[in-house]
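Trainee: need a structure here:
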Amino acid sequence: MAHTRIEVNPEIMGGKPVIRGTRVPVELILRKLGAGMSVEAILADHPRLTPDDIPAAQAFAADYLADEELVYR
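Mentor: Modelled structure (predicted):
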């Protein structure tokens, strides 16, 4: 699946997936959501983000995990 809002570039944040045009990692958005922060609070902390960037980060993470190979021990 294409994720037009997500960018992976070794020159930006060491190649971590970020919201395109920013240095805000997808991981940071997911951690803030997981900690219970509201979308509004995340957007206030990162004014370059748009409301559409939050679900884009979630969708990217879901697709990434869907492609992971599971290893059961």
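Trainee: Low-confidence ranges, this protein, go.
Mentor: Scanning the chain for pLDDT under 70 picks out 1, 70-71.
Trainee: for it, what's the longest helix?
Mentor: helix 53-66 (DSSP state H).
Trainee: can you pull the buried residues of that one?
Mentor: By 16 or more other Cβ atoms under 10 Å, the buried positions in helix 53-66 come out as 53-54, 56-57, 60-61. Glycine gets a C-beta too; all of them are placed from N, C-alpha and C.
Trainee: Over to stretch 34-54?
Mentor: 42-43, 46, 49, 53-54.
Trainee: for the longest helix of the chain, the distance to its chain's centre please.
Mentor: Distance of helix 53-66 from the chain centroid (Cα atoms, centre = their mean, to the nearest Å) equals 6 Å.
Trainee: Please renumber the chain so that the first residue is 294 from this point on.
Mentor: All right, first residue 294 from here; so that's helix 346-359.
Trainee: contacting residues around that helix?
Mentor: For helix 346-359, the external contacting residues (Cβ atoms under 8 Å, 6 or more residues apart in numbering) are 294, 296, 298-299, 310, 312, 317, 319, 322-323, 326, 332, 335-336.
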